[in-house]
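S.K.: next comes the sequence, and after it the predicted model I'd like to discuss.
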Number of protein chains: 2
Amino acid sequence: MTSDALSNTDRAVAELRELIFSGRLAPGSNHFEQDLADKLGMSRTPVREAALMLEAQGLVQIQPRRGVRINGLSVDEMADIYDVLGVLEALAAERVADKIRTGALSGTSLGLLRESTAQMRRALDRGDRDSWATADEMFHTELVRLAGNTHLEEAVTRTLDQVRRARMMTLHLRDLPVASTDDHAAVLTAIEAGDGQKARDVHAAHRRDAKDVMVDLLRRMGTHQI
Amino acid sequence: MTSDALSNTDRAVAELRELIFSGRLAPGSNHFEQDLADKLGMSRTPVREAALMLEAQGLVQIQPRRGVRINGLSVDEMADIYDVLGVLEALAAERVADKIRTGALSGTSLGLLRESTAQMRRALDRGDRDSWATADEMFHTELVRLAGNTHLEEAVTRTLDQVRRARMMTLHLRDLPVASTDDHAAVLTAIEAGDGQKARDVHAAHRRDAKDVMVDLLRRMGTHQI
DNA sequence: GGTTGCAATAACGTATACGTTATTGCATGA
DNA sequence: TCATGCAATAACGTATACGTTATTGCAACC
């Protein structure tokens, strides 16, 4: 009854994350450990362990006798998180541009950034939001990876996790992300030019705009919790 | 055998953190769950739960059949973490300054920032490093608190935790933090003037210097892991 | 002597048991 | 009717039990 390379605890973490991000465990809802264990086909122990890890990651709260509560976000909190994300990714953009300038990174290593930018354009032409979102995520992931700072990467991942559900839910409600696509291209240009400051500033502006779009959308929808 | 307001799991987290930060659980060392349980006077369950939470916080790694490994840091990683801390706290400084400018925050609410700056000066005059460190921590904590962004606060806390042990260990090895104390005063001045950009830039420079001091010190000591 | 394989050990993953305690519903009395 | 208190329930915190499996040491063989 032990691992086939993946423990039940790990499975529980993965499956609960998926349930949370997809919204099938609704923000603000509560779930008893035993119920979750039944749903996942395991005993309380690994579920409880998973819940503790997710709590440490800020995705849930464990409320004794009231179950595991799925954290929701207010619109203000969304804005706060985007502020954090903004400075973290701007740092990444600056570092990558600097690495290009100093030669620590070759131009060819920007392949994935270029590819994802191109894919975003193509997706935009087709009006394919899902494909756009995939490319967008690839761009941001790759940008942070290229910065070569594992702790920055971790901070970004954790921060992104907080808004992942909201992004998935609003993707098909917002206007086509035309400006956002242009933003990515501008960041890429600054990076290719090795201009750290510009890459940082352009990226910060990009996240600021993304924040405004998201906040405006949520406010227009009258969303208070997501 | 239940809680007196604090569960054994919570106690385990708190005590293990203390043991890690104080260095009594050395970076790079491994510890079996049962041994830790014996040391803390509880069963494996709460210790295991605590270990999982600390792993989610990036303080340890759980290595099956090799025990709980206390994460150490290379000098390069220290530099990386200071980079992250720099942009996060710079964001906080900018926000606080902006709040002063827009009146969202009154001048009197800067009391703790002023106090801690003054305390740093006094501590410096007496050559009292411990008191200086206390005031320094108070300044940074209060700065981030005043920004009013809980998620920023959490990111900063998590990031600071990563370097807490190193800071404690090097505090008495470095030169008196004269420049650092002046830096804080400069940040405070920019905040009082409601100049967000300046507050941000000055603070970023402050963390950059702090990083250089720390990295130089560790390199001179020949430290590869801390 | 070195290598290979097997047996013993023990650390771990997870199920389960159990005492504790918050919560809920009902009954009783004002 | 509403408030109060008690009893029943059940969710949780934690100890423990147990099967699985990696690791280690020793023996046998090359």
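M.R.: Happy to help now that I have it. Numbers count the residues shown, from 1 in each chain, chains lettered A, B, ... in the order given.

S.K.: every contact and neighbour count from this point should use C-alpha atoms.
M.R.: Fine.

S.K.: not counting its own residues, what contacts stretch A:150-170?
M.R.: Around stretch A:150-170, the neighbours that count as contacts under Cα atoms under 8 Å, 6 or more residues apart in numbering or on different chains are A:20-23, A:57-59, A:78, A:81, A:84-85, A:88-89, A:92, A:144-145, A:214, A:226, B:77, B:80-81, B:84, B:155.

S.K.: quick one: mean pLDDT over that stretch.
M.R.: Along stretch A:150-170, the predicted confidence averages to a pLDDT of 96.

S.K.: which positions within it qualify as buried?
M.R.: When burial is assessed from 16 or more other Cα atoms under 10 Å in any protein chain shown, stretch A:150-170 yields the following buried residues: A:151-153, A:155-156, A:158-163, A:165-166.

S.K.: hang on, the earlier thing: list buried residues within the contacts of stretch A:150-170.
M.R.: Neighbour counting with 16+ other Cα under 10 Å marks A:20-21, A:23, A:57-59, A:78, A:81, A:84-85, A:88-89, A:92, A:144, A:214, A:226, B:77, B:80-81, B:84, B:155 as buried within the contacts of stretch A:150-170.

S.K.: related to what we said a few turns ago, ok, so of the buried residues of stretch A:150-170, who is nearest DNA strand D?
M.R.: Nearest to DNA strand D among those: residue A:162, at 22.2 Å, using Cα to the nearest atom of the strand.

S.K.: residue A:219 looks like it's in a helix, true?
M.R.: Yes. Counting by DSSP: H, G, I helix; E, B strand; the rest coil, one finds residue A:219 located in a helix.

S.K.: is it in contact with residue A:76, as I believe?
M.R.: No. Counting by Cα atoms under 8 Å, no contact exists between residue A:219 and residue A:76, whose distance comes to 10.0 Å.

S.K.: ok, back up a step: now intersect the buried residues of stretch A:150-170 with the helices, please.
M.R.: With helices taken from DSSP state H, the overlap with these comprises A:151-153, A:155-156, A:158-163, A:165-166.

S.K.: rewinding a little: what about the buried ones among the contacts of stretch A:150-170, which are in helices?
M.R.: By the criterion of DSSP H, membership of the buried ones among the contacts of stretch A:150-170 in helices covers A:20-21, A:78, A:81, A:84-85, A:88-89, A:92, A:144, A:214, B:77, B:80-81, B:84, B:155.

S.K.: out of those, which two sit at the greatest distance?
M.R.: Comparing every pair within these by Cα to Cα identifies A:214 and B:77 as the most remote, at 33.8 Å.

S.K.: what about the host helix or strand of residue A:61, near DNA strand D?
M.R.: Assigning secondary structure by DSSP states H and E places residue A:61 in strand A:60-63. Yes. Counting by Cα under 7 Å from any atom of the strand, DNA strand D is contacted by strand A:60-63 at residue A:63.

S.K.: name the surrounding residues that touch that strand.
M.R.: Identification of contacts with strand A:60-63 by Cα under 8 Å, 6+ apart yields A:51-52, A:54-55, A:68-71.

S.K.: buried ones in that strand, by neighbour count?
M.R.: Residues of strand A:60-63 classed as buried by neighbour count (16+ other Cα under 10 Å): A:60-62.

S.K.: that one near DNA strand C at all?
M.R.: No. Contact between strand A:60-63 and DNA strand C, assessed by Cα under 7 Å from any atom of the strand, is absent, since the two come no nearer than 8.8 Å.

S.K.: just checking, next helix/strand downstream of that strand?
M.R.: strand A:67-70.

S.K.: starting at the chain centroid, how far to that following strand?
M.R.: For strand A:67-70, the gap between its own C-alpha mean and the chain's C-alpha mean amounts to 21 Å (Cα atoms, centre = their mean, to the nearest Å).
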